[in-house]
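Trainee: have a look at this prediction, sequence included:
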Amino acid sequence: MTLTEMERQQLQQAKQLLENPGLAAKMSNAIGSPIEKGLKMLPENWNQSLGTVTQKALMKASDAAMYSMKDIPGEISSNRLHKLGVAVSGGVGGFFGLAAIAVELPISTTIMLRSIADVARSEGESIVDLETKLACLEVFALGGNSQEDDGSDSGYYAVRTALAKSVMDATEFLAKKAFTDKGSPILVRFTAEVAKRFGIQVTEKAAAQAVPAIGAVGGAVINTIFINHYQDMARGHFIVRRLERLHGKDAIKLAYQALPS
């Protein structure tokens, strides 16, 4: 397989986006304080309830995000419009403080998932395709490595490999059922796997919002950084998937791994 120079540049762009997310650092710069400071301010039971909050947010988002979108592969994505939407929800959440995150997160997650689908569509994906819908949810698992992960478990392809079995099972199930069939343990298992990694980023977002006097303006800034991160992850992910459709998954994986980070 030989990539064209343009394709090689696109794959390089994708790798730079996917392997260098820098979300915590960007949030720290925005609030003028290390994320670690905010982490100390989170409630003691935060981690216990985080899984439930993030998984519910993902399920609600999967219900509504793509409802009114037209299936026009190749259409240019509207990144700014979606950034405005999450900035507004973040401003409201920032005004009411950390306690509002359980209400605000499903709203911002829905807008972000819609934006992710928009990016997918711009890279030639059909948003009515089941595999594309799952790939959109999969984006929330990218760039969210836990402290327990080592280098071999934290890269882009490592995350995709970790999710591969649950993605395949969910695809087979959804081919026969409705996409939003919440009663399916297979779909619950998939969203739980995504939520586990998404929760790392949610914790960083909450830590940033926990810093005193963050307020509505700060909440809007944090949410803008949050969606910008996932728009970058989506762009990288769907560039890779587009090139995989052209050249095969194994060939693109080898080419990706050979590129400098």
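Mentor: Good, I have the coordinates. Just so you know, these numbers come straight off a predicted model, no measurement behind them.

Trainee: so residue 126: helix, strand or coil?
Mentor: For residue 126, the assignment made with DSSP: H, G, I helix; E, B strand; the rest coil gives coil.

Trainee: what's next to stretch 250-259, contact-wise?
Mentor: 1, 3, 8, 11-12, 14-15, 156-157, 240, 243-244, 247 (CB atoms under 8 Å, 6 or more residues apart in numbering). For every residue, glycine as well, the C-beta is placed using N, CA and C.

Trainee: repeat the analysis, applying 6 Å as the threshold.
Mentor: 1, 12, 15, 157, 243, 244 (CB atoms under 6 Å, 6 or more residues apart in numbering).

Trainee: next step: the residues you listed restricted to helices.
Mentor: 12, 15, 157, 243, 244 (DSSP state H).

Trainee: closest to residue 76 among those?
Mentor: residue 243 (19.0 Å; CB to CB).

Trainee: grab the nearest non-local neighbour of that closest one.
Mentor: For residue 243, ignoring the flanking residues on the chain, the nearest one in space by CB to CB, 6 or more residues apart in numbering is residue 252 at 4.9 Å.

Trainee: tell me where this structure is predicted with low confidence.
Mentor: 1, 21, 33, 47-48, 63-68, 78-100, 144-154, 177-184, 211-218 (pLDDT under 70).

Trainee: what segments of it are strands?
Mentor: Counting by DSSP state E, the chain forms no strands at all.

Trainee: center of it, which residue is that?
Mentor: Geometric centre of the chain, nearest residue: residue 140, 2.5 Å, by CA atoms, centre = their mean.

Trainee: which residues touch that residue?
Mentor: So residue 140 contacts 194, 198 (CB under 6 Å, 6+ apart).

Trainee: from residue 27, how far out is it?
Mentor: Residue 140 sits 17 Å away from residue 27, going by CB to CB, to the nearest Å.

Trainee: again with residue 51
Mentor: 21 Å.

Trainee: who has more neighbours, these two?
Mentor: residue 27 (25 against 15; other CB atoms under 10 Å).

Trainee: can you tell me how far the nearest residue to the more buried one once chain neighbours are set aside is from residue 25?
Mentor: Distance criterion CB to CB, 6+ apart; nearest residue to residue 27, sequence neighbours excluded, is residue 208 at 4.3 Å. From residue 208 over to residue 25 the distance is 11 Å, taken as CB to CB.

Trainee: still on that earlier bit, can you report how many residues lie near the residue nearest to residue 27?
Mentor: By other CB under 10 Å, neighbour count at residue 208 equals 30.

Trainee: quick one: contacts for it?
Mentor: 27, 31, 38, 222.

Trainee: over to residue 246?
Mentor: With CB under 6 Å, 6+ apart, residue 246 has no contacts at all.

Trainee: so it versus residue 4, what's the distance?
Mentor: Residue 246 is 10 Å from residue 4, by CB to CB.

Trainee: burial count for residue 231?
Mentor: For residue 231, using other CB under 10 Å, the count is 21.

Trainee: sorry, that was for residue 171
Mentor: For residue 171, using other CB under 10 Å, the count is 17.

Trainee: so who does it touch?
Mentor: Contacts of residue 171 by CB under 6 Å, 6+ apart are 130, 131.

Trainee: number the residues from 162 up from this point.
Mentor: All set: I'll call the first residue 162, so the last point we hit is now residue 332.
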